[in-house]
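Q: here are the coordinates; sequence isn't available:
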């Protein structure tokens, strides 16, 4: 992804905005120095969405890892060279600290199979739109006015 990044984060102090400001500031400075750049690294503020249900987290997990596949950059999630998934698989060196990923560790083969399975396009759209809210809220079906993605649905 040449113009954005996806990140799933948690903080016990509910200070995501402060953490993101520091993260983006430090990354921007390093990239500017390393690339001898003079222009702005990031175009704007970050967007955050609080995921109040475990399945919303799992959907964000899949959405993030599948983003390069959806964009047509690669065919499988593990092929994207800038993904933390490659570090988890031991396919590239761990250059950033990662917390333990219980979703992936519990069933590596099954998780990779699930990540590489294309989600239903309507549910994917419902999830993508839902991330634009401060608290996740699925897009509603235009005919029934019911959420496209419920708490029990997975992409």
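A: Great, that's in hand. Since this is a predicted model, take the numbers as computed values, not measurements. Residues are numbered from 1 along each chain as shown.

Q: residue 119 - nearest residue in space that isn't next to it in sequence?
A: residue 155 (3.6 Å; C-beta to C-beta, 6 or more residues apart in numbering). From N, CA and C alone the C-beta is placed, and that goes for glycine too.

Q: I'd assumed residue 62 was in contact with the one you found.
A: Yes. In this structure, residue 155 sits in contact with residue 62. The criterion is C-beta atoms under 8 Å, and the distance is 4.9 Å.

Q: joint contacts of the two?
A: residue 119 (C-beta atoms under 8 Å, 6 or more residues apart in numbering).

Q: pretty sure residue 27 contacts residue 35?
A: No. Using C-beta under 8 Å, residue 27 and residue 35 do not qualify as a contacting pair, with a distance of 11.9 Å.

Q: mind checking which of these two has more residues around it?
A: When residue 27 and residue 35 are compared on other C-beta atoms under 10 Å, the one with more neighbours turns out to be residue 27, at 13 against 10.

Q: how about that one, what does it touch?
A: By C-beta under 8 Å, 6+ apart, the contact set of residue 27 is residue 41.

Q: residue 42 too?
A: Applying C-beta under 8 Å, 6+ apart, the residues near residue 42 are 24, 28.
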